[in-house]
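> Below are the sequence and a predicted model; questions follow.
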Amino acid sequence: MRRMVISIFSSGLLAVSLAAAQTPPPVPAPQDSTPRFVSGAEVVAVDLVVRDKKGKLVTDLQAGEIEVLEDGVPQKVTSFRPIEAGGPGFGAPPTGAAPAPSPLPGAAALVAGAPHRVVMVFGRLSADGRRLAQGAGEEFARRDVTPGTLVTVVRIDGGLIPVLDLTSDPAAVKEAVRKATALVGAGPARAGGPTGADSSYSGQQMSRFQGGAGANDLSQADSLAFMSALVKVVDGLRADPGRKTVLVFSEGFNVPPGYEHVFADLLSRANRANVSFYGIDVRGLQMSSQLGASGGALSSAAAISQQQRTSGSGDAATRDQMTQDDVAQASLRSDVVDTLDHLSTSTGGFLVTQTNDFGKPIARIGEDIRGYYEAAYTPSSPGAPGQFRKIEVRVARKDVRVQSRSGYYTTPPAPAASSPAVAFAAFSGSQLPSDLEMRSHLYRFGRDKDGGRFDCLLRVEASLANTRFKEDPATGKLAGKMVLAGRVLNGTGGVVETFGQDVALGGSPEQIQASRAQTLPLARRLKLAPGTYTVELVVRDAVGDQTSAQRLALTVPEPEGGLAMSSLVVVGGVEPADPKSDPTDPLRIQDKRIVPNLGQRVVAAPGATMPIYYVVYVKAGSKETPTAVVEVTGDGRVVARGASPLPPPDADGRVIGLAPIPLQKLAPGTYTVKVTVSKDKLSAEETATVVVGS
């Protein structure tokens with residue numbers, strides 16, 4: 001019997017201003033102010049770069065030599081002109097030729113010689129990728145940063161982070177490139193996702209829960225975060241005149257199944273804002289085809305299918321079986337540079353790939369920046385809302401190649417009913433809905449090594465017990481859609497981070513019924529600076545129109561002195577840790593990993609104990625071991641109290657605490673566990689709540 005299928009996609013979307021490293025503005029509502037082409041009365045501007053068969057720029061093109069088609073229908077070009085952005089001599093008409101028509105009134109204008117906006121974006125990279133990205137970025141700074149350009153440098157590491165803004169100084173750009181490539185995240189390679197993306201912690205957090213998600217899902221989260229950051233780049237350039245250029249130094253990204261609309265929206269925004277992407281593949285010269293990754297993914301899907309055919313029908317589905325459809329679809333998208341190529345060619349740029357020498361392609365990009373043509377037309381027929389209108393530009397010369405945009409949407413793709421944007425509407429009412437059962441908890445651990453941001457872990461579980469499904473009359477199978485989403489707000493209500501998990505459910509009625517005892521997990525690791533935060537969490541059943549939402553308060557304190565401790569974690573279980581997982585995982589103890597209890601009742605069976613896990617932080621190199629006292633209270637009275645021995649600090653000053661609470665001494669009820677640690681004249685304490693059942 002075919003198993004129930006659950007496809008899980010995770011996203012981490014961080015909004016950051018291009019102008020400065022400040023708290024980002026709130027995420028815009030679905031009805032934003034993005035300019036749209038909504039009728040035949042609107043002017044469409046198309047920029048184009050034309051080269052001859054030798055790759056040289058064609059600088060003497062005339063209006064009568066071009067034809068613009070929209071959805072295959074020729075359009076009347078009302079304006080055609082060369083645009084010169086700091087490049088002398090571009091667009092000069094041949095002797096005796098008529099001058100190009102004047103720009104159409106109201107069309108985007110760029111004065112000849114005005115600075116051209118360029119944004120250099122550095123994604124998460126491996127060590128080799130950082131080296132090649134630095135070399136390519138420095139080559140661009142040396143060759144093409146002139147008074148005719150204004151350059152912004154950003155990096156994407158879970159979100160969009162500014163490095164340098166608005167400069168025409170080559171030395172400043174070169175230094176910003178070095179900073180960006182030194183700071184971007186790095187890690188081991190992962191099939192199907194960007195090489196170097198950090199899959200070790202969040203993926204492992206999710207993979208150890210039944211129905212959870214593993215490293216593949218984190219690659220999807222990285223890709224969604226990457227696309228979201230690029231949208232912020234485009235929106236930041238929207239108001240600038242003329243053609244804008246974005247150089248993306250990356251090892252590639254993919255578009256997860258079910259999220260094609262996110263990529264389509266990115267292309268639509270870029271084409272409406274006159275932004276051209278140039279992908280710089282910094283994997284270098286590859287000796288083997290990336291199709292090897294696709295083949296590996298397909299082999300994995302085939303193995304899962306074989307396992308399903310040979311398994312008994314009454315067994316619970318494994319996580320791999322539940323995500324089989326995800327694996328099969330992702331196998332067709334494993335060439336992550338394909339997406340970078342599509343992004344580039346669809347917006348009028350091109351992809352630089354399969355090279356370790358970026359001199360010539362960077363020079364070609366510089367030529368594109370310094371001179372191009374702009375044509376404008378009014379569509380001959382209005383498009384329906386949300387319709388994609390394909391644009392094709394033809395040139396009446398032999399052996400020439402035209403770079404131009406692929407088209408535009410009349411309006412941006414609307415968010416689906418199951419999207420996080422729709423789910424967050426739950427927070428607009430005076431009372432939070434609670435249609436579905438959900439549990440959540442925030443855990444605060446130690447700071448970064450530089451003493452800045454706290455390492456926080458968010459864990460959410462949503463029950464499938466009351467989820468509703470719709471039947472496909474043709475097959476008799478049931479289908480459902482769940483959304484788990486969250487966002488972090490700062491003290492002024494600004495959105496610091498947004499993340500989510502879109503879950504498609506499907507199977508026979510018997511399979512659905514057997515799966516109602518499962519929970520869907522969402523794990524998120526947050527790096528937060530000192531301050532007061534609100535975490536908003538929402539679970540939405542899109543088919544049944546049911547929603548539950550929660551708000552959690554979180555305070556990240558200022559840097560402490562010589563003694564601090566993490567949140568207390570009520571241990572729900574212990575599982576083997578993947579040897580390849582992140583050694584900085586705060587829930588990892590050597591070869592084991594803690595599984596938190598998010599508030600479920602624990603049974604006070606004879607001889608049973610309930611461990612409480614925590615971490616104590618002292619100064620690195622300290623030899624003195626802190627002391628710990630554990631106290632359990634219920635109904636306002638102390639029911640247990642005693643010292644809990646601690647091991648010596650490790651080289652980084654971390655002390656692992658694991659205090660067992662004897663459950664047989666606790667009657668059914670709710671208890672507070674307090675752990676107090678002391679060292680010299682310093683002390684720190686944390687509390688946790690435990691519910692004991694019979």
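Looks like it came in fine. Residues are numbered from 1 along each chain as shown.
> Could you use CA atoms for every contact and neighbour count after this?
OK.
> Break the protein down into its structural domains.
1-33+415-559, 34-290+335-409, 560-694 (automatic domain parsing).
> lowest-pLDDT helix or strand in the protein?
Lowest on mean pLDDT, DSSP states H and E among the helices and strands of the chain sits helix 201-207, with a mean of 28.
> Pick the most buried one from the domains of the chain.
For the domains of the chain, the largest average neighbour count (mean count of other CA atoms under 10 Å) is found in domain 34-290+335-409, namely a mean of 20.
> pLDDT below threshold where in this protein?
Applying pLDDT under 70 to the chain flags residues 1-41, 85-114, 183-221, 257-258, 286-336, 412-422, 448-452, 560.
> Nearest residue to the middle of it?
Centroid-nearest residue in the chain, with CA atoms, centre = their mean: residue 225, separated by 1.4 Å.
> element containing that residue, please.
Using DSSP states H and E, residue 225 falls within helix 215-237.
> residue contacts, the spatially closest residue to residue 399 that is not a sequence neighbour?
Leaving aside its sequence neighbours, residue 399 sits nearest to residue 53 (CA to CA, 6 or more residues apart in numbering; 5.3 Å). Taking CA atoms under 8 Å, 6 or more residues apart in numbering as the criterion, residue 53 is in contact with 399-401.
> And the strands in the stretch 201-350 of the chain?
Ranges of strands in the stretch 201-350 of the chain, per DSSP state E, counting those that start in this stretch, are 244-250, 275-281.
> In a markdown table: the ones you listed, plus distance to residue 459.
As requested, those are exported to a markdown table (distance: least, CA to CA, whole Å):
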| stretch | distance to residue 459 |
| --- | --- |
| strand 244-250 | 30 |
| strand 275-281 | 35 |
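> correct me, but residue 66 touches residue 393?
Yes - between residue 66 and residue 393 there is a contact at 6.9 Å, judged by CA atoms under 8 Å.
> Could you export the contacts of residue 53 as JSON lines, including secondary structure and distance to residue 470?
Shown next, in JSON lines, are those (DSSP: H, G, I helix; E, B strand; the rest coil; distance: CA to CA, whole Å):
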{"residue": "399", "secondary structure": "coil", "distance to residue 470": "55"}
{"residue": "400", "secondary structure": "strand", "distance to residue 470": "54"}
{"residue": "401", "secondary structure": "strand", "distance to residue 470": "50"}
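> Report the separation between residue 502 and residue 532.
Distance of residue 502 to residue 532, computed by CA to CA, to the nearest Å: 28 Å.
> Next SSE downstream of the helix or strand hosting residue 130?
Taking DSSP H and E as the criterion, residue 130 maps to helix 127-144. Of the helices and strands lying after helix 127-144 in sequence (DSSP H and E), the nearest is strand 149-156.
> quick one: strands adjacent to that next one?
Sheet pairing of strand 149-156 (DSSP bridges) gives strand 116-122 (parallel), strand 160-167 (antiparallel).
> Is it possible to get a markdown table of those that adds distance to residue 271?
Listed next are the strands paired with strand 149-156 as a markdown table, based on distance: least, CA to CA, whole Å:
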| stretch | distance to residue 271 |
| --- | --- |
| strand 116-122 | 15 |
| strand 160-167 | 21 |
